[in-house]
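Chemist: fold the following, please.
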Amino acid sequence: SAELPVSAQGYQQVLVPVPGAGRLALRMRAPFVMTAFGRGAYLSVDTLTISSGAPPPPCGIPAPQPGEAVTWTLADSPYVVCQDLLIPAGGVVNVEPGVQITFGATNTLRVEGVLRASGTAAAPIVFDGDAGFDAGLDVAGEVDLSHVQMGVHINCGGENAALLVRDASMLAGTVIEGSADLMVFERCLFDGGNIGGFFGVAASVRLADCDFVNGGFADVGGLVYVKNITIDGQPLTIQRENVVQPTLLEKISVTNYATGAGLRLRGADYLVESSVVTQGNLYPAELFLTGGGFYPGSSLPQTGNTNNYVPAGELAFGANRHWANTGVPYVIEGFPVNIGSLTIEPGVVVRGMPGAGSFILEGAEFNVEGTREQPIRFEPFQLGGTWFGLKWVDVFNARVRNVIFDGCEIAAQSDGGRLLMENCTVQNSLTGPMGVTSGIVTLRNSRIINNNIGLTTTATGRLDAESQASPNILAGNTLAVDYNNTSSAPQLDYIWWGDASGPTTPENPGGTGDAVEGLSLAWFSPWLTTPPPQTDDPPHVELTPVFFTVQAGDKLILRWDAWDDSNIASQRIEFSEHGFTFNVLANLAPTDRSYEFTAPIIPPSNLLEPAAIRVYAVDDAGQE
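Modeler: Numbers count the residues shown, from 1 in each chain. Modelled structure (predicted):
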């Protein structure tokens, strides 16, 4: 008896000696491999020959047995692949310079072992024949090509697949696709014709020093290294895994793709260096499908493309995703429900299509903090139009700082949580910030100007715009405050209403400032009689997250960082059992950056909000 080394796929020639005359029995044993499609293992025999000598190999092409190596020589060239052939696992084929390998229609050479084709510049190895999608190389083992002219389809697949191509010309009709452990392309020319380059590749990919012409394009995924490539008339598409480390893009030129973006990116962050050239395209770059990010330090050309902005699709969060200030705006559409993480860097401009916006759910990390010199701007894509706005749902630590909301339907909503808006501007909108379903909007040092409705709530929403140290401005609004909560009073003291006489309301005879409705005089008095300068920012506190729970009586060390544009005068720790009323735990020195906290016993309650701790820093102007 003999065990036949039969391939998992494709036909192969198997040679087995027999002892003499008699009968032959073939027995197949396979593990249970039934799939969801109802396909199990099977054995197909094309030809069975019994002879005194070895039969000729299929197509006259010598194929190794497992453990053997053969050479395809120039003297026997050309080699015509007339049927599906196999280089089995453990077998090696070496190809001499100048050899021509021609594929018949729909015929495949499957490599489960090793294929080494090493030509020279003067004598390249040629792979040609039918350019259909079913013909060419099927890589499940190792294929190492250098100085070749490739004119057939290459498919990669399998956990042991590796494709290495150097100093090669990938001719019209060549398509490389599939997923492999490793794919390396160096110093290659992709002459794409109607279709070429990479298509749907997901692997560990190195693509360096390559040129794509005549419609050749690159669509790669997985773990990607791309450097020093040029593409003309098609995009560079990268679909990368969501990992923390950004993908570096440098020394890349993508030009003259008139119907789309030069760079099409998806997944995590990309660091696009200034050496990347995208010119003559419809857009410099695009974030597509589930979106992507640009790591801080990225830059894109501000001129030279038909539309000098980044179509970003939905305002989609990811894993540690960033939107850096690349020099051009991001344009969003749709209204996704977001968890995950997105940090928008200072200076970024986001333009929303009509109806665009986002739900931000509890657990999401949405970091939107500009600076006084570089605020973050959310504005409509269409001049004079609108976009919808942002809605935080059950988020109790939401904060935006130095952000401009322009042209919104409803600028910012807090639904069941807490939203702190510091040094923000809401302007030219149908409705400004809104408290919804017990949600609270807190304003500090902000400007609500030239809106139809400045501030509003539902029947259970709340507003906190009272701060003598960080006063707000409500001016130029058709209706400054539309407060609909009949069970809780708003906090509206120390506001500049656009006039020294205070807001316009029957409760304030003679007031000519912005109009308010249904407000008791006690709710908005006293008011400011001169506009506040709003030139001094409040302190900034960043509490180091704690990623574990504690029981009553447990101790933990709180740590934070704090800074201010002038001086921090004092600090304090506050605690709330159910997230509403906060009590002072400790008053601290301005230089303290840690505190030992002992978890208290929290009595039962019908309130659903979790317990919360706050760290406050107070500057020398009283802002906090």
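Chemist: so, low pLDDT: which residues of the chain?
Modeler: Low-confidence segments of the chain, defined by pLDDT under 70, are located at 1-12, 29-42, 131-135, 193-202, 241-244, 579-580, 607-608.
Chemist: residue ranges for the helices of it, please.
Modeler: Along the chain, the stretches classed as helices by DSSP state H are 521-524.
Chemist: okay, now the domains of it?
Modeler: Here the domain assignment for the chain is 329-534, 540-619, based on the TED database.
Chemist: just those domains: most buried one?
Modeler: Mean neighbours per residue, mean count of other Cβ atoms under 10 Å, is largest over the domains of the chain for domain 329-534, with a mean of 20. Bear in mind the C-beta positions are built from the backbone N, C-alpha and C, glycine included.
Chemist: which residue is the nearest non-sequential neighbour of the residue nearest the centre of the chain?
Modeler: If you average the C-alpha coordinates of the chain and look for the closest C-alpha using Cα atoms, centre = their mean, you land on residue 292, 2.5 Å from that point. Sequence neighbours aside, residue 265 is the residue nearest to residue 292 in space, at 4.4 Å (criterion: Cβ to Cβ, 6 or more residues apart in numbering).
Chemist: can you check residue 80 too?
Modeler: Of all residues not flanking residue 80 in the chain, residue 102 sits nearest, at 5.0 Å (Cβ to Cβ, 6+ apart).
Chemist: so who does that neighbour touch?
Modeler: Shown in contact with residue 102 (Cβ atoms under 8 Å, 6 or more residues apart in numbering): 78-81, 128-129.
Chemist: try it again at 6 Å.
Modeler: Taking Cβ atoms under 6 Å, 6 or more residues apart in numbering as the definition of contact, the neighbours of residue 102 are 78, 80, 128-129.
Chemist: for it, name its beta-bridge partners.
Modeler: In this structure, residue 102 bridges to residue 80, residue 128 when assessed by DSSP bridges.
Chemist: equivalent analysis for residue 207, please.
Modeler: Counting by DSSP bridges, residue 207 is bridged to residue 185, residue 226.
Chemist: my guess is it meets residue 226, correct?
Modeler: Yes: with contact taken as Cβ atoms under 6 Å, residue 207 and residue 226 are classed as touching, separated by 4.9 Å.
Chemist: more neighbours, those two?
Modeler: When neighbours are counted by other Cβ atoms under 10 Å, residue 207 and residue 226 differ, and residue 207 comes out ahead with 25 against 22.
Chemist: mind checking how far that one is from residue 224?
Modeler: Using Cβ to Cβ, to the nearest Å, one gets 8 Å for the distance from residue 207 to residue 224.
Chemist: try residue 214
Modeler: Spatial separation of residue 214 from residue 224 under the definition Cβ to Cβ is 24 Å.
Chemist: same thing with residue 370?
Modeler: 31 Å.
Chemist: quick one on the thing from earlier: count of neighbours near the residue nearest to residue 292?
Modeler: Residue 265 - counted by other Cβ under 10 Å - has 27 other residues nearby.
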